[in-house]
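Undergrad: sequence and predicted structure are below.
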Amino acid sequence: MSNIYLRNYLSAVLFLFFLSSHYAHAEKKPVIKLGMSTALTGPAKQIGEQLYQGSNVYFSKINKDGGINGAKVLLKVADDGYEPKRAVSNTRQFIYEDKVDALFGAMGTPTSFAVSALLEKLQTPYLMPYSGAEFLHFQPKINVFNLRASYEDEADEQIKHLVKEKNHSRIGLLIQADEFGFVVESGLRKSLAKFNLKPVKVARYQRNSLDIANALKTLKASGVTAISLVGTYKPLSEFINNAYEQKFNPDYTSVSFASSSDLFARLKYPSEVMVTEVVPNPHKCNVYWCREFLKDMAVANINKPNRIHFEGYLNAVIFTAAAQRCPLPLQENCLMHHLNIIFSEDQKIHALFINKTDKNKHIVYRSTF
């Protein structure tokens, strides 16, 4: 009987060892962690929501197919309300507590500027920020990979439109009063200077507010015939609608950050508005990734996919393609190396972003209302 008990005991021990080994192995399955600080509340929340949705649709598809080299992608998102202090808090949480492999798809110039001192020290990869700011694009001090065109590229396209195509010389600026506004204003001034022009008048308003009445009064009184707008969709649509109601109808341009689909949806009256864009309209292009995007959005039941969704989706596409070329655990040097290679050499990506006449510049697209 003692032998029977011994055999049963040993069998139980072996079974428990098997179970513990199995669950330990399951728990050690690799995960690639990304941290995304963006606006999920406040007047710019639709930008943040759509960027996240676009990225999440593609990562969910990849995870269902087994992940990246067997590792599932965990996209952790935190709301910063498009406020710098909250972005810093989120970023510290991602790096120190969550131990993310990279920061991904962060939204905004003032928020990116606020975290830059921390990122300069730690050199955590800062991937595909939703900003065209100069400090991210030209000799950056942080470990950044940019997908979108710079604001200087967008400014050149806007001023060319207003001066060469629409024959304006009296151009004013409506500027969000923060780092975003400062960066884009600088680019617009440089672009105007190429035509020996300066802004006739510059008016400012506070970020995350609709307080545009004084700016409207100032620009209306200045006699400008065109205005370059710098801000988010809510205050800009408020300005354009109120101007129309006051019988003030200049031509307008805006940078891509405003989100043309959300801006145009809020315009109540006929207006001349051109928005520069960093990705094509997915409903009007017929290249591979436009078609894949629309199919994946339909599967995810996103009924009105737009350029912001598309940009978030492409962020995930390029990250995945680069990470697939790197061994696990993911090393930042390998990741950054392959991000740059894919962006410059992958023909399907190249077709969407690289200017055919100047390979050092991105393509800048347009939307019009």
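TA: Yep, that arrived.
Undergrad: can you tell me the element residue 155 falls in?
TA: helix 151-159 (DSSP states H and E).
Undergrad: oh, that last question was meant for residue 174, not what I typed.
TA: Short version, using DSSP H and E: residue 174 is in strand 171-176.
Undergrad: could you pull out the helices for the stretch 251-369 of the chain?
TA: Under the criterion DSSP state H, counting those that start in this stretch, the stretch 251-369 of the chain contains helices at 260-265, 288-299, 307-323, 332-345, 347-353.
Undergrad: go through the first one and flag the buried ones.
TA: Along helix 260-265, these residues count as buried under the neighbour rule (16 or more other C-beta atoms under 10 Å): 260, 261, 262, 263, 264. All C-beta atoms are positioned from the backbone trio N, CA, C, and that covers glycine.
Undergrad: of those, which is the nearest to residue 358?
TA: residue 260 (24.2 Å; C-beta to C-beta).
Undergrad: any idea of the pLDDT on the closest one?
TA: Confidence at residue 260, expressed as pLDDT, is 96.
Undergrad: identify the residues contacting it.
TA: 254, 275, 277, 307, 367, 369 (C-beta atoms under 8 Å, 6 or more residues apart in numbering).
Undergrad: can you give me the distance of the closest residue in space to the second one that isn't next to it in sequence to residue 44?
TA: What that stands for is residue 275. Using C-beta to C-beta, 6 or more residues apart in numbering and skipping the chain neighbours, the partner closest in space to residue 275 is residue 260 (4.1 Å). The spacing between residue 260 and residue 44, counted by C-beta to C-beta, to the nearest Å, is 14 Å.
Undergrad: ok, back up a step: winner for burial among the helices of the stretch 251-369 of the chain?
TA: Greatest average neighbour count among the helices of the stretch 251-369 of the chain goes to helix 307-323 (a mean of 25), per mean count of other C-beta atoms under 10 Å.
Undergrad: okay, angle between that one and helix 332-345 too, please.
TA: With axes from the mean of the first three to the mean of the last three C-alpha atoms, to 10 degrees defining the directions, helix 307-323 sits at 120 degrees from helix 332-345.
Undergrad: so where's the protein uncertain?
TA: For the chain, residues meeting the criterion pLDDT under 70 lie at 1-27, 359-360.
Undergrad: 90 - rerun?
TA: Low-confidence segments of the chain (pLDDT under 90): 1-29, 43, 286, 344-345, 350-351, 353-362.
Undergrad: grab the most central residue of it for me.
TA: residue 130 (2.6 Å; C-alpha atoms, centre = their mean).
Undergrad: might you report the residue contacts of that one?
TA: 38, 47, 51, 105, 106, 107, 108, 148, 257, 311.
Undergrad: now it: how far from residue 51?
TA: 6 Å.
Undergrad: so residue 101 sits right up against residue 71, yeah?
TA: No - using C-beta atoms under 8 Å, residue 101 makes no contact with residue 71, being 9.7 Å away.
Undergrad: who touches both of these two?
TA: By C-beta under 8 Å, 6+ apart, the residues touching both residue 101 and residue 71 are 32, 330.
Undergrad: so for the two, which sits in the more crowded spot?
TA: Taking other C-beta atoms under 10 Å, residue 101 and residue 71 do not tie; residue 101 has more neighbours (24 against 20).
Undergrad: which non-adjacent residue is nearest that one?
TA: Closest to residue 101 by C-beta to C-beta, 6+ apart is residue 330, at 5.0 Å.
Undergrad: so who does that neighbour touch?
TA: Counting by C-beta under 8 Å, 6+ apart, residue 330 touches 32, 71, 101, 323.
Undergrad: phi first, then psi, for it.
TA: Per-residue torsions, residue 330: phi -60, psi 130 (degrees, to the nearest 10).
Undergrad: quick check: it vs residue 228, distance?
TA: The separation that residue 330 has from residue 228, given C-beta to C-beta, amounts to 41 Å.
Undergrad: could you verify my assumption that residue 44 touches residue 82?
TA: Yes - assessed by C-beta under 8 Å, residue 44 is found in contact with residue 82 at 4.5 Å.
Undergrad: most widely separated two among the contacts of residue 330?
TA: 71 and 101 (9.7 Å).
Undergrad: burial count for residue 155?
TA: Neighbour tally, residue 155, other C-beta under 10 Å: 27.
Undergrad: and what of residue 368?
TA: When neighbours are counted by other C-beta under 10 Å, residue 368 registers 10.
Undergrad: now do residue 96
TA: Quick note: residue 96 (other C-beta under 10 Å) scores 11 neighbours.
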